[in-house]
Structure formats: C-alpha cells, structure tokens
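>>> below are the sequence and a predicted model for it; my questions follow.
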Amino acid sequence: MSLFAYLLRYRRGPFLLAIVAGIVSGGTGAAFIAMVNLALDADGAPTVRLIWGYVALCLATLLTRFVSQAMLYRLSQAAIYHLRRRLIDGILGAPLRTVEKTGTARLYSALSDDVVVIADALPGLPGICSGAAFVLVAIAYLVIVSPVVALATGGTVVVGVLLYLLMSATGLGALKAARREQDVLFGHFRSVTEGIKELKLNRDRRAALVEQELEHTALAYRRHSVVGLSVYEGATGGGQAVFFAFIGLLLFGFPAWFALTGQTLAACVLILLFAVSSLQGVLVWFPALGRASVALATIEERLAALKPAAGEPAASTSTAGPDAAVVAAPAPATGTSTVVTNRFADWRGIAFRGVSHVYPGPTGEEFVLGPLDFEFRRGEILFVVGANGSGKTTLAKVLTSLYPPEAGVIQVDGVEVTAADREDYRNLFSAVFSDFHLFDSLLGLPADRAARAEHYLRRLQLDHKVRITGDRFSTTALSLGQRKRLALLVAYLEDRSFYLFDEWAADQDPTFKDFFYRELLPELRDRDKAVVVISHDDRYFHAADRLVRLDYGQIREEEIPGGQAVAGRPGVESGR
Ligand SMILES: Nc1ncnc2c1ncn2[C@@H]1O[C@H](COP(=O)(O)OP(=O)(O)OP(=O)(O)O)[C@@H](O)[C@H]1O
C-alpha cells in the first residue's frame, strides 16, 4: 500500500487538508512570481491594488505553508503511534508460533526503525504538493506569456518525470535490499546486548561477531543504502538537468526559432528558474519517501504474517477473563471494575484427545509431540518428567493452548475448546515458564493485589529485598532464584485454577526447594487448584499425586517413587 493510500485511510480529513493547503501554498507561490512580473512591468508606478495583492499573496503563501506543515507534523506523530499500536496489537493477537517464527529482531526492527522512517518522510508531502502546484500554475501563467514556451515546458516536465521514475526504480530495489539487511543487523544487535557476558569473556567470539557477522551485515546495509539513496539523488539531478537544459534551449535557441521578445524571454526564464528551485524542493524529499514506502511495505508484510489463521480470534488487549464464574476484574486506569465471566471457571477435568504438535526441523527432521490422550484433574499435583528435549515445555505450551493443537482436541469437562473460547481457556492458567518474563508492575491483577502481595513477599522471603510501591516492585534487579520467586508471587496473585511450573525449583536453594515441594504445592492442591510441575528433581517426585514421563514426545504414566506417601500429607519426611 502506498504512503498516500495509507494516510488517506488513516486520517483522511487532516491529510487532505494538509495536501490542499500545500497545493494552495504552491499556487500562491507561482502567482507571486506573476505579481513580480506585473510589478516590474509597472515601471515604478504600481497601483494600490497591486500592492495589496502582493501583501495578500505573501500572507496566503505563508499561512497555507504553515497550516500544511503543522498538519503533517501532527499527522506524522499520530502515524507513529498508530503504526506501533497496530504492530503491538498484531503481535499480541498472533499465535505464539507465528511470533516465534517471525523472530524478535524483525519485529523490533519494524517497531523501532520502520515506523520512524515513515514519520520522518511525511513532512515532505506538503512541499511536494506545493512544488507540483507551483509548476502547474507556472505553466498556466506561461500559457498567457508564451503558449509555445508553455507547451515546451509541459513536455520537459513529462520527460523529467519519466526519467526520474525510471532511475528511481533501481534505487527502490537497493533500498529494499538494505531493509532486508537491517533485520539481520537487528539480530546481531540483540546478540550484542543479550550475549554481553559471553562476549566479554571471550575475545575471539567478540571479534568474530563484530568483524565477521556485524561488520559484514553493516557494510552490506551501508552499500545498499548508499546505492539506493545515490540513485535517488542521481534521479533528482537528472530531473533538474532536463530543466536546466530546457532553460538553455530557451535562452539560446527559442529567440531565433520563435521570434520571442527580450521581455517575454525574461519573464519565461524568471518563472522557470523559480520552477526549478521549487522542483528541487520536491525532489529532495523523494529518497526519504522511497525509504518510507519500503518501510510501510515491510510493516504491512509483518502485519499480514502475524494475522491469526482463519477462525482463530486475535487475543484481545482489553478483556483478560480471569478464572472465576463471575469476578470483578480491575481496570487500573480508572479504578473501576468490569465484570468478566469465564465459561470454564468451574471445570474439573481437562482432557487431551489425540492432541499433537509438530516442530518442523530445518533439514526435514521434525519433533512430534503426541498424539496424546490424557487427562488433567483439578485438586491434583501432576509431575511431568523426562530427558532434555523430550517435549515437556512443548506439552506445557499445548496444555495452556499457547500452541493450539495441530491435531486432536482439548476438552474441558467433555466440552471441546474451540477457537472462540480459547481466551477463556487460557485464562484458567497461571504459569511460570523456565524463560519467564517478570513485569515490574502488578497492573492487570485482581483488585486486592497490593495487600496480598505484601503477604506473599513475606512468605516467599523476599520482604527484605522488595517492596511494593503503588503497583510496582521497588526492584527486579535480583538473583535468578529471587526473580523466580517474584514470578511465583505474581502467579499467586492471579489466583487461577490451574498452576503450571516449568522447572521453577531448579534455581532455588535446598531450603526453599523443600518449602516449594513440601508446602507450597500441597497448599495449592488443598485450595482445589490443578498443579502441573515440570521437574528434574527426582528427590521430590514423591510429592506428586501422579507422575508422567515424556519420551520423544510420547507420554507414559509411571509409579510414583516412594509409594503412596505424598508430600504435605501426614507421614511425609522433608527432602526425601
Ligand atoms: N521453537 C522451536 N522450534 C523448533 N523446534 C523446537 C522449538 N522449541 C523446541 N523445539 C524442539 O522440540 C523438542 C522438545 O523441546 P522442549 O523444549 O519441549 O523439551 P523439554 O523436554 O522441555 O526440554 P528441557 O528439559 O531441556 O527443557 C526439542 O527437540 C526441541 O529441539
């Protein structure tokens, strides 16, 4: 979609106003030249009408230029917000697999760079419109002064524009290539920021990343950008050269061919010189517009790729349905509450019926989870164990429907979870994944969050490190184990009916590990929660009510080591 079409769709009124103001400004600018010619013809005795006309034209030119420019600046800032919002909504609404496949580097590059490139180019639009209007009005005036010069000028404009379009097409290709390199470059930037520790510890790796990967991509980006922008510059110069050649022809050829008087010639040349400078003001924006159209095409491409599949509703950014039959969900910005229902709130059993998920491998081999037939029950602690890469995290993502099943169905108390109620289904879960993200605020959590958070801070032995100020944690700069405890606190505050912990205890000290398996998990079960614990802690397998092992994507129920004794129930020893 072209930049013009996007702006017409997005803010038709202000955009058209800005364009019309730009056109009027160009028209008045050209009329200004005509006025100068008339003043020169007046031989030092201008009429009062001429003087007032001159003043009015000056004011009109300045005012319309200001209006046009101001509107476009407003529009460009609004467009930044609008495009970023669309991208954010697109990312939040897209299936997790799609986001994973697109990659954070490409999304970040669109969010940060493409949007700004578009906004930077927009203020050039009024200049383009006023320049084009100037040239048209100038030609119209030339028709009065000398029809033959007007006709030749029109022909020159057509030749100049065609030459420009021809040359700029090559430039656009190079700019597209530069844009592709930019995605790779952002990937390297991520490696630098996220791999900073590993890079600092290894000089060779650091040098290889910078000299081979980063520099290679940065140079390719620079090469394509320079070619693209230079070709645009060349096209701009070409357009101007055609005009200068025409003025030369006008000066040295036309008087002999068409018997033009000196006065007519002077008027025509004056108009054309102004037209050339106006044209220069137009063409100078074209490289920026070229980059902006590539950026807009990239954003549209990303949005199209993020679009959920047919029948799959996009995740809403405003209606997180909590896990209760009817609960008051907080609306923090206003302090009011909205009542949201979850159709699965009173669930007892979640069943997989032939559920499977496939990761295609880069060289054809694939990892297949399932097909699985299995039931998860409320009020039960289920351990999921298995070797690295056996599919435990993938199972967690399918269970929470972050990956909707590619085959088979998930049923809640016998009712199939369809795309339409996936949001309700997902909102049954509180999960702490092994690659969890810790938000630094409690926004979006139930209304009594602050008081309950204080309680859990003490329970999780974090009260000496973290305070809750307003709705924010005083700090999240903590050890990994402490950050995981804060993530657990957030999960507690969500107070959903299904808890999922992906190797949560792996980074806890022995005392707290013991506390987690022996007290926290049984407490959740006693509160009628379903609990799935992905764990390698075989010393605590006895804390499970049921235990399943994953083996190359296949599930197998196993005897719990230590017999029937269950942690938190009478007779269980600490840390067995
Ligand atoms: N995003 C992905 N794209 C492609 N393949 C993936 C992806 N994530 C995981 N896999 C593959 O799926 C398989 C199962 O991965 P999964 O993360 O579920 O294992 P896991 O049992 O949780 O392992 P671990 O104990 O190491 O955490 C692995 O072979 C892995 O290579």
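Arrived safely.
>>> domain-wise, how is the chain divided?
As recorded under the TED database, the domains making up the chain are 1-146, 349-558.
>>> to G262, which of those domains lies closest?
Nearest to G262, of all the domains of the chain, is domain 1-146, at 12.5 Å by C-beta to C-beta. Heads up, the C-betas are built off the backbone N, CA and C, glycines and all.
>>> before we move on, the earlier item: mind putting the domains of the chain into a markdown table with mean pLDDT, distance to L199 and mean neighbour count?
Formatted as a markdown table, those follow (pLDDT from 0 to 100; distance: least, C-beta to C-beta, whole Å; neighbours: other C-beta atoms under 10 Å):
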| stretch | mean pLDDT | distance to L199 | mean neighbour count |
| --- | --- | --- | --- |
| domain 1-146 | 82 | 17 | 18 |
| domain 349-558 | 91 | 20 | 18 |
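>>> and those domains as a markdown table, adding distance to A292?
Converted to a markdown table, the domains of the chain look like this (distance: least, C-beta to C-beta, whole Å):
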| stretch | distance to A292 |
| --- | --- |
| domain 1-146 | 4 |
| domain 349-558 | 33 |
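>>> out of those domains, flag the one nearest the ligand.
Distance to the ligand, taken as C-beta to the nearest ligand atom, is lowest for domain 349-558 among the domains of the chain, at 3.4 Å.
>>> so the residue nearest to A30 when sequence neighbours are not counted, which state does it fall into?
Leaving aside its chain neighbours, A30 sits nearest to V137 (3.5 Å; criterion: C-beta to C-beta, 6 or more residues apart in numbering). For V137, the secondary-structure state derived from DSSP: H, G, I helix; E, B strand; the rest coil is helix.
>>> what's the separation between V137 and G26?
7 Å (C-beta to C-beta, to the nearest Å).
>>> likewise L83?
Taken as C-beta to C-beta, the span from L83 to G26 is 28 Å.
>>> and G253, by the same measure?
29 Å.
>>> and Q77, backbone torsions?
phi -70, psi -40 (degrees, to the nearest 10).
>>> how about it, what does it touch?
Contacts here follow C-beta atoms under 8 Å, 6 or more residues apart in numbering; on that basis Q77 touches A119.
>>> so which residue of the stretch 151-300 of the chain comes closest to the ligand?
Going by C-beta to the nearest ligand atom, the ligand is nearest to G187 of the stretch 151-300 of the chain, at 15.7 Å.
>>> quick check, that residue in contact with Y108.
No. Judged on C-beta atoms under 8 Å, G187 makes no contact with Y108 at a distance of 9.4 Å.
>>> tell me which parts of this structure are close to the ligand?
Proximity of the chain to the ligand, by C-beta under 6 Å from any ligand atom, involves residues 100, 359, 367, 386, 388-394.
>>> tell me the phi and psi of V409?
phi -140, psi 160.
>>> beta partners of it?
Beta-bridge pairing for V409 (DSSP bridges): R353.
>>> please put the alpha-carbon coordinates of stretch 20-28 into CSV.
Taking Å, rounded to 0.1, in the frame of the first residue of the first chain, the C-alpha atoms of stretch 20-28 are listed here in CSV:
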residue,chain,number,x,y,z
VAL,A,20,-4.9,21.2,-0.2
ALA,A,21,-3.0,23.7,1.9
GLY,A,22,0.2,22.6,0.3
ILE,A,23,-1.3,22.9,-3.2
VAL,A,24,-2.7,26.4,-2.4
SER,A,25,0.7,27.4,-1.0
GLY,A,26,2.4,26.3,-4.2
GLY,A,27,-0.2,28.0,-6.3
THR,A,28,0.1,31.3,-4.4
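>>> contacts for that stretch, please.
With C-beta under 8 Å, 6+ apart as the test, stretch 20-28 has contacts from 57, 60-61, 64-65, 67-68, 71, 125-137, 278.
>>> how about 10 Å then?
Contact with stretch 20-28 is made by 35, 56-72, 125-138, 140, 278, 281-282, as judged by C-beta atoms under 10 Å, 6 or more residues apart in numbering.
>>> quick one: distance of that stretch to the chain centre.
Its chain's C-alpha centre and that of stretch 20-28 lie 35 Å apart, by C-alpha atoms, centre = their mean, to the nearest Å.
>>> ok, now stretch 129-144?
Here the centre of stretch 129-144 is set off from its chain's centre by 42 Å, with C-alpha atoms, centre = their mean.
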